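# Give me coordinates for this.
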Amino acid sequence: MAIECLVLGAGQEVGKSCVVVTISGKKIMFDCGMHMGYTDTRRYPNFSLISDSADFTTALSCVIITHFHLDHIGALPYFTEVCGYNGPIYMTYPTKALAPLMLEDYRKVMVDKRGEEEQFSFEHIADCMNKVIAVDLKQTVQVDKDLQIRAYYAGHVIGAAMFYAKVGDAALVYTGDYNMVPDRHLGAAQIDRLHLDLVITESTYATTYRDSKYVREREFLKAVHKCVAGGGKVLLPTFALGRAQELCMLLDDYWERMNLTVPIYFSAGLTIQANMYYKMLINWTSQKVKDTYARHNAFDFKHVVSFDRSLINAPGPCVLFATPGMITGGFSLEVFKQWAPHEENLVTLPGYCVAGTIGHKLMSAKIPTQIKLDEKVQIDVRCQIYQLSFSPHTDAKGIMDLVKFLSPKHVILVHGEKPKMVALREKIQSELAIECFHPANNETLLLPSTHHIEAGASDAFLQSCLYPNFKFSKTNVEQGFSSDDSHTRTTPLLQVHDDRVAQGVLTLQHSQKCRVVSQNELTNVLGVESHEVKFAHCCSVCDTDSEISNASDCCSPSIYDKGSLLHLLLEKLSREFPDCIMHDCQERIQVGSFVASCSSREECPNRADASLQHKSQAVHFCCTWSVADEELAWKVISRIENLKLHNA
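Residues are numbered from 1 along each chain as shown. So this is what the prediction gives:
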């Protein structure tokens, strides 16, 4: 059985996250995002690869959305209301509450402000969200009789979740975007240790190792303070949800400590709306925010107020949060056009900007420069550019820590740039010995999965495991009986053996049902006769001083006592093989499957040396063993043939 992964978005790029995973016939779509850098057909995932008939409701078992960012949810209304998907959609409660705000804000910017063709309407958004089933953290949801899913806290933005999916014995985790360290308003990602075949993880910062959060905060505040102190304006193009709240908390606290009076503005009512939701969703925030909630709501900002458009060109310094992030359009682009030509102003950029956006162009530009919006509009950029280091994505260490903790059989990297993915893949494979892949968009991977088989057990097997099967044998040990142990004597020791079967044999019978049977009943189950290959050899040992005769009070070995002879042989072999357990079984000596016993003086077919068969001074030992102990047997035989049965 294999897990099939079709990457429809975020394959070797950041944008339009969408991965369709098939496990045992169950097809799950993880995220349904849009690409912020395109306005053509590349904006959305290629949904036609899911089903040739475009019957997406039948093809998919469910859709799972990890969080409300547009590159993870932006195509969902289009997929449900235009493409016709009508099956279950799962996301957390905060994501369901905040996603409509993000989607409607984007629709207004693209259609009302930029005049683009409408991809979905306000009614489409509302109808889409009515189909959503909200889930709580660690709530196991049975999608159908075979498929179950579970959400885990991911940090990143409020309501973001990693999702676990299991069908039969096969299981995987799709991380979405996550953060392995806490920030001012959210905690670190948390997940159980799970038995997984696959982890599909974001890799936005696959090769980045961040320094201290406090150092990054200090550098950011220093840059902002320097700008406003010089009379400049600071533009913070951020999405209304996520980093806006983090940075508002940071600036509000700094303004309070420094007694600053420079105004901090929100650009639109959407951010105020978002803060209202954040106040209601305190349980999804960091522990520090929850602990201080009783005496102060962290999202009640003292120094942050709403912004009026008439203030764009007002004299004096200010700090402005404007949406959308990455300066892809909307009010942030409108303000950027006005403030960018002035050297005293500052534009800060979010931690990551998608290729194709103005933010991405500014990150690699040398100031002064010119940014071309279209064939008619060109912006002269002379302002200062500062790149924020407050990305809500985990860094390379966080990715490695999560993969090491979960220890899946396979890893797939998405949501990252190809060169960085290649470096991270090599690191995962070399340091963690886990097979790792980084497929491109529209590429399909087939990965083996765990498959357990239910098997019955025979009564004989169960009894052999549950009940003791004792066997007793004697062996001899040497003990000293003087102060310097110069003289030793042998003492018989009773040994108890339990021959319970530790392992059985798995059989597949005509009924196609698997069953474990004991080794003894295997031949009956298979309907065949039992055959065992045995080896035999009869060796001769000459007695020159007639020690044996002394032991039996007789001068001829023909009337020696077998017990005494075997006892004497056991002593000598025990010295030769101190690491082997020799068993005295009265009429024979046994070690493993090797058995040696005194043979009669009559001809024995196992005797290799026929000249010794009738010698009166020769003692014959008949030896047998199985193929498993062949090497041991010949070592013992060699020692027996070289032994002298007399006192040295």
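# Show me the shaky parts of the stretch 101-250 of the chain.
Residues of the stretch 101-250 of the chain meeting the criterion pLDDT under 70: 112-115, 240.
# so where do the helices sit in it?
If you assign secondary structure with DSSP state H, counting those that start in this stretch, the helices in the stretch 101-250 of the chain sit at 122-130, 213-229, 243-258.
# Please state the offset of stretch 173-184 from the chain centre?
Averaging C-alpha positions (Cα atoms, centre = their mean, to the nearest Å) puts stretch 173-184 15 Å from its chain's average.
# re the thing from before, distance to Ser449 for the helices of the stretch 101-250 of the chain - can I get that in TSV?
Where you see a C-beta, it was placed from the backbone N, CA and C, and this is true even at glycine. Shown next, in TSV, are the helices of the stretch 101-250 of the chain (distance: least, Cβ to Cβ, whole Å):
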stretch	distance to Ser449
helix 122-130	32
helix 213-229	38
helix 243-258	37
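# winner for burial among those?
Highest mean neighbour count among the helices of the stretch 101-250 of the chain (mean count of other Cβ atoms under 10 Å): helix 243-258, with a mean of 19.
# which is the next helix or strand following that helix?
Downstream of helix 243-258, the first helix or strand assigned by DSSP states H and E is strand 264-266.
# How about Pro182, nearest residue that isn't a chain neighbour?
Leaving aside its sequence neighbours, Pro182 sits nearest to Ala188 (Cβ to Cβ, 6 or more residues apart in numbering; 4.7 Å).
# how close does that neighbour sit to Val63?
Between Ala188 and Val63 the distance, using Cβ to Cβ, to the nearest Å, works out to 27 Å.
# between the two, which one's more packed in?
Between Ala188 and Val63, counted using other Cβ atoms under 10 Å, the more crowded position is Val63 (24 against 16).
# Any idea what that one is bridged to?
Met29, Ile89 (DSSP bridges).
# got the contact list for Asp427?
Just to correct that, residue 427 is Lys rather than Asp. Residues near Lys427 by Cβ atoms under 8 Å, 6 or more residues apart in numbering: 396, 400.
# any idea of the pLDDT on it?
As summarised for this prediction, Lys427 has a pLDDT of 97.
# Over to it: give its phi and psi.
Note on Lys427: its backbone torsions stand at phi -70, psi -40 [degrees, to the nearest 10].
# circling back to that earlier point, might you report the residue contacts of the residue nearest to Pro182?
If you count contacts by Cβ under 8 Å, 6+ apart, Ala188 has them with 155, 179-182.
# from those, which is closest to Leu506?
Of all the contacts of Ala188, Leu506 sits closest to Met180, with 41.9 Å by Cβ to Cβ.
# so that closest one touches Val403, yeah?
No - applying Cβ atoms under 8 Å, one finds Met180 not in contact with Val403, separated by 11.0 Å.
# mind listing the helices for the stretch 251-400 of the chain?
Counting by DSSP H, counting those that start in this stretch, the helices of the stretch 251-400 of the chain are 269-280, 287-292, 330-339, 358-363, 396-406.
# about what we covered before: which of the contacts of Ala188 are buried? Put it as a ChimeraX command.
Selecting in ChimeraX just the buried members of the contacts of Ala188, where the criterion is 16 or more other Cβ atoms under 10 Å, is done with this command:
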select :155,179,180,182
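# Dump the contacts of Ala188 to JSON lines, plus distance to His393.
JSON lines is the format used below for the contacts of Ala188 (distance: Cβ to Cβ, whole Å):
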{"residue": "Gly155", "distance to His393": "10"}
{"residue": "Asn179", "distance to His393": "7"}
{"residue": "Met180", "distance to His393": "10"}
{"residue": "Val181", "distance to His393": "11"}
{"residue": "Pro182", "distance to His393": "14"}
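# Now for the contacts of Ala188: which two are most distant?
That would be Met180 and Pro182, which, of those, are the farthest apart (Cβ to Cβ) at 9.1 Å.
# Mutual contacts of these two, please.
Counting by Cβ under 8 Å, 6+ apart, the contacts common to Met180 and Pro182 are 155, 188.
# following the lowest-mean-pLDDT helix or strand in the chain, which helix or strand comes up?
Each helix and strand of the chain was given a mean pLDDT (mean pLDDT, DSSP states H and E); the minimum falls on helix 547-552 at a mean of 42. Counting by DSSP H and E, the element after helix 547-552 in chain order, helix or strand, is helix 562-576.
# and the helix or strand just after that following helix, what's its mean pLDDT?
Following helix 562-576 in sequence order, the next helix or strand is strand 583-584 (DSSP H and E). Taken as a whole, strand 583-584 has a mean pLDDT of 81.
# Off-centre distance for strand 583-584?
Relative to its chain's centre, strand 583-584 lies at 52 Å (Cα atoms, centre = their mean).
# what's that strand packed up against?
Strand 583-584 is packed against strand 470-480, helix 562-576, strand 589-591, with contacts defined by 3 or more Cβ pairs under 8 Å, 6 or more residues apart in numbering; DSSP states H and E.
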